[in-house]
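Engineer: Predicted model follows, preceded by the sequence.
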Protein chains: 2
Amino acid sequence: MSLLVIGTVAYDSVKTPSGTVEEALGGSATYFSFSSNHFKKTELIAAIGEDFKKTDIHLFEKYGIGISGLQTYPGKTFRWSGLYHSDNLNKRDTIKTDLNVLANFNPEIKSPNNSAEHLFLANIDPELQINVLEQMKPRPKLIGIDSMDFWIKSKKIQLEKLFTMVDVLFLDENEAKMVTGKPNLFTSAESLSKKGAKIVIIKRGEFGSIVFYNDSIFYCPAYPIKTPIDPTGAGDSFAGGVMGYLASCKNINNENIRKASIFGSVMGSFAVESFSINQLESITKDEIINRFEFLYKSAKFSKLNTKEIEKILY
Amino acid sequence: MSLLVIGTVAYDSVKTPSGTVEEALGGSATYFSFSSNHFKKTELIAAIGEDFKKTDIHLFEKYGIGISGLQTYPGKTFRWSGLYHSDNLNKRDTIKTDLNVLANFNPEIKSPNNSAEHLFLANIDPELQINVLEQMKPRPKLIGIDSMDFWIKSKKIQLEKLFTMVDVLFLDENEAKMVTGKPNLFTSAESLSKKGAKIVIIKRGEFGSIVFYNDSIFYCPAYPIKTPIDPTGAGDSFAGGVMGYLASCKNINNENIRKASIFGSVMGSFAVESFSINQLESITKDEIINRFEFLYKSAKFSKLNTKEIEKILY
């Protein structure tokens, strides 16, 4: 069975210290699926406008992403434009958001998508996330969710409801603190775990992520990028690696969750190396594996042996 | 042979969101030695004033830290006062710096300290660091150095000279970028490695540190602290764990360097859990080992096996 994602498909205009791109293919479901599809065949639920380019449709098809749930609405495709700070790529200003077709998006999940075993609710209006979740029969084996500060401020009640219904919760550090009201990452994560999600993943951009599962913590490093071009979509690509790999696993256990997070880091790193999905759509299986192995070598250290423990003085 | 440290011994007045402390024992050499002495008997080179409290001398003695190099000068002990931001403990303002006896400090390294096998040049005027380094005969087997933005701005030439003379270089991320003029952590570290130090450690506070050695990268996680009290001295305590552990090892190799960094994280975590050295001076060997093992479990993940590699689709 497939991995199903609902989210946005957009045309993004982005300015970063490395350059500018106008009306490039973007959106949370786009980045997610171009990442997750490396691990598990992914089906997309999203709204596009009449202006959506045929070449972009072909790109999804060429990549093997299922687009039976890509619904065309009258009007224009969702547009987002943003500016990243030159002194700090972690900071961005949204210049403009044109909802366009998203304003009327009423996702209908047809068979067989409505019985997908794995579901990701990418960043989109929480009411649409709930709407999709309620159409799934039976409940998917694994449900993940992402959101953003905008929805935490405007639709917190709906988000809190969603948090009780999902298995994997992705938030960045500021969002986790904002939604829980706790000033500390670890106390925020504890508080989020209590709401229901078995796996809580706090994203910290270039500082990696921390995965909370069954009272264990996993420090997931970020892959080192010397020349980041555009951070847009890094979080969605990260989630794509995590959910895609987990969807490919028979068991959801600590070992697989940790490997999944590393694949998340790897896919996020490809996303920031170009504008739009240019880098994500050109990478190979070998490149993915090489980055995984690099992170394995870079995080490894040995246990203390008895002699080493004895050396400590008091 | 001992580990020798030169740095400051100070009375600090600190305000953090958790409270305030006045004239508490601090200084780079103090934090370093209370940390390093758990791993290797440490000798201190520092200046104190006539007002330095006997109870504080006794504290060093009780802890087994060598104070034959603690020189009393006419006048008052060095004072520093700082304020940590309530919304971000990583940001601090220096309120006041009274050099006092530090203004006339002219360290004289007597035998046997001048033949110590391991030397740490804790954060202090780079001219004093050079002065001490030149008195060592023969050159110590392992020399580490720390510095800060103030010296990068005011004594860059002396610092650049030092960078060519040492083995282990500790800088925080902003300092590394400032001194190299590179905007990226990884390119800064590459540039620093080329200056001479075999081991370059970039500190990132609560985000851990990254260790560069022999073309390998090690992501060293920070130990999770739910209620940080005062970050003062965390970097010095980190360096104390690293240098103390390395000084206790027969060989300086990748495995020991990684373990040393983990001990650095552990010691830094104790430092931030109290004002001054209150927590550092009360911890036990078991507590140190427990935190090491916690980090071991929290950073561990498995290699990919053949079946897992085959699963990746393209």
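Structural biologist: Received the coordinates, thanks.
Engineer: give me the low-pLDDT residue ranges for chain A?
Structural biologist: Low-confidence segments of chain A (pLDDT under 70): A:1.
Engineer: can you rerun that using 80?
Structural biologist: The model of chain A has pLDDT under 80 over residues A:1, A:87-88, A:90.
Engineer: what about the helices in it?
Structural biologist: Taking DSSP state H to define them, one finds helices in chain A at A:28-36, A:54-62, A:126-135, A:149-154, A:156-163, A:173-180, A:185-195, A:234-247, A:254-271, A:285-299, A:306-311.
Engineer: Work out the gap between the last one and the centre of the chain.
Structural biologist: The chain centre lies 43 Å from the centre of helix A:306-311; the measure is Cα atoms, centre = their mean, to the nearest Å.
Engineer: Residues contacting that helix, please?
Structural biologist: Outside of helix A:306-311, the residues within contact range by Cβ atoms under 8 Å, 6 or more residues apart in numbering or on different chains are B:39, B:248, B:259, B:289. C-beta: built from backbone N, CA, C; applies to glycine.
Engineer: just these that are near chain A?
Structural biologist: B:39, B:248, B:259, B:289 (Cβ under 8 Å from any Cβ of the partner chain).
Engineer: Next up, the contacts around the last one.
Structural biologist: Residues in contact with residue B:289, defined by Cβ under 8 Å, 6+ apart, are A:304, A:309, A:312.
Engineer: related to what we said a few turns ago, distance to residue B:147 for the helices of chain A - can I get that in TSV?
Structural biologist: Output for the helices of chain A, formatted as TSV (distance: least, Cβ to Cβ, whole Å):
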stretch	distance to residue B:147
helix A:28-36	41
helix A:54-62	50
helix A:126-135	48
helix A:149-154	37
helix A:156-163	45
helix A:173-180	29
helix A:185-195	29
helix A:234-247	33
helix A:254-271	31
helix A:285-299	26
helix A:306-311	29
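Engineer: What residue, apart from its backbone neighbours, is nearest residue A:57 spatially?
Structural biologist: residue A:67 (6.8 Å; Cβ to Cβ, 6 or more residues apart in numbering or on different chains).
Engineer: again, but for residue A:6
Structural biologist: Among residues not flanking residue A:6 along the chain, residue A:45 sits closest, at 4.1 Å (Cβ to Cβ, 6+ apart).
Engineer: Contact residues of the stretch 1-150 of chain A facing chain B?
Structural biologist: A:37-41, A:64.
Engineer: re earlier: most neighbours of all the ones next to chain A among the contacts of helix A:306-311, which one?
Structural biologist: Comparing those on neighbour count, residue B:39 comes out first with 25 neighbours (neighbours: other Cβ atoms under 10 Å in any protein chain shown).
Engineer: ok, that one touching residue B:247?
Structural biologist: Yes. If you go by Cβ atoms under 8 Å, residue B:39 and residue B:247 touch, sitting 6.8 Å apart.
Engineer: Residue A:72: what's it in contact with?
Structural biologist: Residue A:72 touches A:47-50, A:52, counting by Cβ under 8 Å, 6+ apart.
Engineer: 6 Å - rerun?
Structural biologist: Residues in contact with residue A:72 (Cβ atoms under 6 Å, 6 or more residues apart in numbering or on different chains) are residue A:48.
Engineer: same thing with residue A:198?
Structural biologist: Per Cβ under 6 Å, 6+ apart, neighbours of residue A:198: residue A:167.
Engineer: ok, 10 Å please
Structural biologist: Applying Cβ atoms under 10 Å, 6 or more residues apart in numbering or on different chains to residue A:198 gives the contacts A:142, A:166-169, A:212-214, A:252, A:257.
Engineer: Torsion angles phi and psi at it?
Structural biologist: For residue A:198, the backbone dihedrals (degrees, to the nearest 10) come out as phi -70, psi -30.
Engineer: Residue A:278 is in contact with residue A:19, isn't it?
Structural biologist: No. Residue A:278 is not in contact with residue A:19 according to Cβ atoms under 10 Å; the separation is 12.0 Å.
Engineer: okay, and the common contacts of these two?
Structural biologist: By Cβ under 10 Å, 6+ apart, the residues touching both residue A:278 and residue A:19 are A:229-230.
Engineer: Comparing the two, which residue is more hemmed in?
Structural biologist: The neighbour comparison of residue A:278 against residue A:19 (other Cβ under 10 Å) goes to residue A:278, with 16 against 10.
Engineer: That one and residue B:125: what is the separation?
Structural biologist: Distance from residue A:278 to residue B:125, counting by Cβ to Cβ, to the nearest Å: 50 Å.
Engineer: Repeat that for residue A:301.
Structural biologist: According to Cβ to Cβ, residue A:301 stands 35 Å off from residue B:125.
Engineer: Compare these two and say which is more crowded by neighbours.
Structural biologist: residue A:301 (22 against 19).
Engineer: Grab the nearest non-local neighbour of that one.
Structural biologist: Here the residue nearest residue A:301, using Cβ to Cβ, 6+ apart, is residue B:258, at 4.0 Å.
Engineer: quick one: contacts for the one you found?
Structural biologist: Counted by Cβ under 10 Å, 6+ apart, residue B:258 has contacts A:298-302, B:211, B:213, B:216, B:218-220, B:299.
Engineer: how many neighbours does the nearest residue to residue A:105 once chain neighbours are set aside have?
Structural biologist: Leaving aside its sequence neighbours, residue A:105 sits nearest to residue A:47 (Cβ to Cβ, 6+ apart; 4.0 Å). Using other Cβ under 10 Å, residue A:47 has 29 other residues around it.
Engineer: Equivalent analysis for residue A:214, please.
Structural biologist: Other residues within reach of residue A:214, judged by other Cβ under 10 Å, total 10.
Engineer: how far away is it from chain B?
Structural biologist: 12 Å (Cβ to the nearest Cβ, to the nearest Å).
Engineer: you'd agree that residue is up against residue A:199?
Structural biologist: Yes. Taking Cβ under 10 Å as the definition, residue A:214 is a contact partner of residue A:199 at 8.8 Å.
Engineer: So for those two, which residues contact both of them?
Structural biologist: By Cβ under 10 Å, 6+ apart, the residues touching both residue A:214 and residue A:199 are A:193, A:254, A:257.
Engineer: what sits in contact with each of residue B:39 and residue B:247?
Structural biologist: B:3, B:260.
Engineer: How about the contacts made by residue A:41?
Structural biologist: Shown in contact with residue A:41 (Cβ under 10 Å, 6+ apart): A:1-3, A:33, A:64-66, A:244, A:247-248, B:313.
Engineer: most neighbours, which of those residues?
Structural biologist: Counting neighbours by other Cβ under 10 Å, residue A:33 leads the contacts of residue A:41 with 34 neighbours.
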